[in-house]
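Enquirer: Starting from these lines, generate the structure:
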Amino acid sequence: MKRENFRSRLGFLLVSAGCAIGIGNVWKFPYVAGENGGGVFVLFYLLFLVVMGVPVLTMELAVGRASRKSAVLGYKALEPAGSKWHIHGWFCMAGCYLLMMYYTTVSGWMLGYFFKFAGGAFANLTNQATDGMFSAMLSNPTEMTVWMAVTVLAGFLVCSLGLQGGLERVTKWMMLGLLGLIVVLAAHSLTLPGAGQGVRFYLLPDFGRAVEQGLGKVITAAMNQAFFTLSLGIAAMEIFGSYMSRDNTLAGEAARICGLDTFVALMSGLIIFPACFSFGVTPDAGPSLIFVTLPKVFTGMAGGRLWGSLFFLFMSFASFSTVIAVFENLLAGCIDNFGWSRKKAALVNGAFVLIASLPCVLGYNLWHFEATLPNGAVGQVLDIEDFLVSNLLLPLGSLVYLLFCVTKWGWGFEQYLEEANSGKGLKMPRALKPYFQFVLPVLILAILIQGLLR
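Expert: Model (predicted):
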C-alpha cells in the first residue's frame, strides 16, 4: 500500500504543531508558570526547549521519515539485525491509547464549557455558583460521557477521511482559527485595567521571587514543562515524520514546530495573567485555574459571555488538535501492523477508545476513589493514567529514541545525522554528538527519576 503524504509543508507543520499544542500549553503551562513565580520560570522553559525539546523531536521525526512507517515497523526497518528496539514501538502504541483514555475526557470538559458559556449558563452567576459549575459537571456521569463521546466520535470521523482529506484539512483550519482566537483574546486581556501588573509578573524575570519559590524547584519545573509540552516519547510525532517530504532538514522543521508550540503557550499566559491581576485573582491557583478561577473572571467582565465562549472555543481547538493527531497514530499503527483498512481501523479503535475512556469519566463520580501515587500525589483514575504517561512513558520513551539514534547499538549517530540534515535549512552540527551521547541522556534520566519520586 502506498504511503500517504501531506499535501503541503504548511499542512505538516500545522498538524505536527497541533499534536504538540494541547492542554499542556493552554492549561498546564499558565498554572505551572503561576505556581513558580512567572518570569524566571518562562526564561528557563525557553532555554530547555532549545537544549532538550528540539533535539529529541528531530530524532523522533528522523525515525519516521527514514523508515516511512509507524512506530513498531519503523524500529524494525532501522534497527540492527537481531536487536529488539521495536518492542518499544508497542509501548508507544500502549502510551497513545493510555493518553487518549483520559485526554478525551479533559477535551470534553473544554467543549462542555464552550457550550455552557455560549448558551448563557454562566450569565449573572455569583462566584459561589460559578465554583459549583465544575464540581456539578464532574459529578454528572451522563454529561461527562456525552462530551467525551462527542470528542472520540468526531476525532475518529476526521481521521477516517484520510491524512489529506481528513486530518490535514481539518487541522489546518482549526489551527488557523486557534491562532487567530489567541491573538484576539490576548489583545483584549491586555486592555483590561491593571493588566500591566500581570504582564510584569509573567514575563519580567524576578530572581528574588524565584529564590523565594525555591530556584531549584523553578528550574526543575521549567525543564519538565519544556520536555513534556512536545508529547515526545510515544511516537505521537514519529508518525508525522513518516508522512513528511525530504525537502527540508529536521532541525529547521523541529524549530518551527517548537516555535508554534511556544507561541501558543506564551500567548495563553498573556490571556490569563493580565485577566487574573485585573480582577484580583491569584495566578497560582493550580489545575483549577481554567475551570474554576477564569470563569469567575469572565463573568465579572463586560462581554464576559462572548470572551468566555471564545476562550473555551480556543481551548477546544487546542485539545482536539492533539486528539486527532494521536488518533491518526493509532490508526496508522493498526494499518501498518495488521493490514487493516483505514475505515476498519477507525471503527475498531473508536469503539475501543470509547469504552476505555469510561473509567476516567466514572472515576469522578460512580467509581470515585483516591490512590496515593509513587511520587506522593493523591488522585483518582485520571491522575493514575496521567502519571503513567507523563512521568513514565514520555521520558522513558524519549530516552529510548535518543539512545536508538546516537549509540552504535541502535540506528547510530551517522545515520541519524544524515537523515536529520537531508534537505535545505538548519543543519544539526556534528559537534553536538558528545552532548547527545553523554549529557542529554542524563538530563532525561533526571526528569524520569524526579517524576517517579517527587
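Enquirer: From now on I want contacts and neighbour counts done on CA atoms only, so please keep to that.
Expert: Will do.
Enquirer: quick one, what contacts the closest residue to Cys258 other than its chain neighbours?
Expert: Leaving aside its sequence neighbours, Cys258 sits nearest to Val54 (CA to CA, 6 or more residues apart in numbering; 7.0 Å). Shown in contact with Val54 (CA atoms under 8 Å, 6 or more residues apart in numbering): 251, 254-255, 258.
Enquirer: With Arg3 instead?
Expert: Neighbouring residues of Arg3 by CA under 8 Å, 6+ apart: 68, 243.
Enquirer: In a helix, it, correct?
Expert: No: Arg3: not assigned to a helix; according to DSSP: H, G, I helix; E, B strand; the rest coil it is coil.
Enquirer: Would you mind giving me the confidence score for it?
Expert: If you check Arg3, the pLDDT there is 73.
Enquirer: Tell me which helix or strand in this protein has the weakest average pLDDT.
Expert: Using mean pLDDT, DSSP states H and E, the weakest-scoring helix or strand in the chain turns out to be helix 23, at a mean of 79.
Enquirer: Next, report how far the helix or strand that it is followed by is displaced from the centre of its chain.
Expert: Later in the chain than helix 23, the nearest helix or strand by DSSP states H and E is helix 29-35. The chain centre lies 15 Å from the centre of helix 29-35; the measure is CA atoms, centre = their mean, to the nearest Å.
Enquirer: Output the contacting helices and strands for helix 29-35.
Expert: Here helix 29-35 touches helix 39-48, helix 250-278, going by 3 or more CA pairs under 8 Å, 6 or more residues apart in numbering; DSSP states H and E.
Enquirer: Now that helix: average pLDDT?
Expert: 84.
Enquirer: ok so, going back, contacts for the least confident helix or strand of the chain?
Expert: Applying CA under 8 Å, 6+ apart, the contact partners of helix 23 are 315, 318-319.
Enquirer: can we see that at 10 Å?
Expert: Contacts with helix 23, where a contact means CA atoms under 10 Å, 6 or more residues apart in numbering, come from 29, 103, 106-107, 110, 229, 265, 315-316, 318-320, 322.
Enquirer: next one: stretch 347-354
Expert: Residues contacting stretch 347-354 (CA under 10 Å, 6+ apart): 97-98, 100-102, 104, 145, 148-157, 160, 327, 330-331, 334, 343-344, 346, 355-356.
Enquirer: Which members of those are classed as buried?
Expert: Among the contacts of stretch 347-354, the ones that count as buried by 16 or more other CA atoms under 10 Å are 97-98, 100-102, 104, 145, 148-149, 151-153, 155-157, 160, 327, 330-331, 334, 343, 346, 356.
Enquirer: Go through those residues and flag which are in helices.
Expert: Of the positions in the buried ones among the contacts of stretch 347-354, 97-98, 100-102, 104, 145, 148-149, 151-153, 155-157, 160, 327, 330-331, 334, 343, 346, 356 sit in helices, assigned by DSSP state H.
Enquirer: where's the residue nearest to Cys258 relative to Tyr401, distance?
Expert: Val54 is 13 Å from Tyr401, where distance means CA to CA, to the nearest Å.
Enquirer: likewise Asn224?
Expert: Going from Asn224 to Tyr401 by CA to CA gives 18 Å.
Enquirer: Then Glu143?
Expert: 40 Å.
Enquirer: Counting neighbours around each, name which of those two comes out higher.
Expert: Tyr401 (26 against 17; other CA atoms under 10 Å).
Enquirer: Quick check, that one in contact with Gly64.
Expert: No: contact between Tyr401 and Gly64 fails when scored by CA atoms under 10 Å: they sit 11.1 Å apart.
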